[in-house]
Structure formats: structure tokens, C-alpha cells
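*Asks:* I would like the atomic coordinates for the input below:
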Amino acid sequence: MFYGTYTPKLDEKGRLILPARFREALAEGTVLTRGRQGCLYAFPRTEFERLGEQLRRAMETSAEAGDFSRLLHAGASEEVPDRQGRITVPPPLRRFAGLDRDCAVIGNGTRVEVWDLAAWERYLAEQEERFSGSADQVVPGLQ
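*Replies:* Sure, this is the predicted structure:
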């Protein structure tokens, strides 16, 4: 399970150093793709394959699942971390997420998300305000 927030920088070659805590789970290959709210999703290869299989089954009854699958797979790029734990973020994905230099890399359960740091800070502020008084409504029993 991925969790936590880290703030690495993209280097001049578009490489991003993965947080040490995430490297082992992503060492065999990381699939980067477009995510929601303008971020990138980074999946361990096996998790991306599992998601692809779920979408394949869902496409039998849902056109939306087919649309989502198409967008998810069309933008995907498999990256293998180098010895320093860096992955290259391809230019189309950097443009999609507005990544220039300062990034936020967050764990979100079964995936990692890569955000432009300023976009992440805006999103976080909006969500904290939105959920400040309603955590118990989202997850019953959460205080």
C-alpha cells in the first residue's frame, strides 16, 4: 500500500526520483498514465494489469468503461526505475500534468500519484475545506 506525500523535483531530462518507500514495489516496472484532476497515476505493473482486466470485464456492459480504458491505456508508458530510483516522465505526460520542476508524489493506496506541486497544494486546500466538517459522513465512524 502506498501512502505519504513527497516533494521531489524533475531534473532537466524529465526524470523523477521515486520516494525510497515506494521503490521496492515499483522496481519491476511502473506504468505511468493520465489520472484524474490533472495528475499522473503510477501503478506497479501487476496492479495496472489487474486494473486492465477489471476494465475488460466491465466493457462488456459499460460503454463508459470502454472510454475510460481507452484513455488509461492510450496515455500509458512503462518505465523501469534506474539504480538511483529515477523514472523518466515522457513529455506528453509531463504536459498533461503540467509538470515542470516541483512535484508532489503521493501514495493513494494501490497507486502513486504525481502532481505539479502548486496544483497539489491547491487541490489539498480545496479538499481540506470541503471535508473539514464531514469526515464522518464520508467514512462513518471516522472522527
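*Asks:* In this structure, where is pLDDT below threshold?
*Replies:* 133-143 (pLDDT under 70).
*Asks:* ok, which stretches of it are helices?
*Replies:* 20-26, 45-58, 63-74, 91-97, 117-131, 135-138 (DSSP state H).
*Asks:* Tell me which of those approaches Thr7 most closely.
*Replies:* helix 117-131 (6.1 Å; C-beta to C-beta). For the C-beta atoms, the positions are set from N, CA and C on the backbone; glycine is no exception.
*Asks:* In terms of secondary structure, what does that closest one contact?
*Replies:* In terms of contacts (3 or more C-beta pairs under 8 Å, 6 or more residues apart in numbering; DSSP states H and E), helix 117-131 is packed against strand 103-108.
*Asks:* Next one: Gly29 from Ala76, what distance?
*Replies:* 11 Å (C-beta to C-beta, to the nearest Å).
*Asks:* Sorry, slip of the keys, the one I care about is Pro91.
*Replies:* Using C-beta to C-beta, one gets 15 Å for the distance from Pro91 to Ala76.
*Asks:* Between those two, tell me which one has more neighbours.
*Replies:* Ala76 (17 against 10; other C-beta atoms under 10 Å).
*Asks:* ok, the more buried one touching Val31?
*Replies:* Yes - between Ala76 and Val31 a contact is recorded at 5.4 Å, counting by C-beta atoms under 8 Å.
*Asks:* coming back round to it: could the helices of the chain be laid out in TSV, adding distance to Val80?
*Replies:* Shown next, in TSV, are those (distance: least, C-beta to C-beta, whole Å):
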stretch	distance to Val80
helix 20-26	9
helix 45-58	9
helix 63-74	19
helix 91-97	16
helix 117-131	25
helix 135-138	37
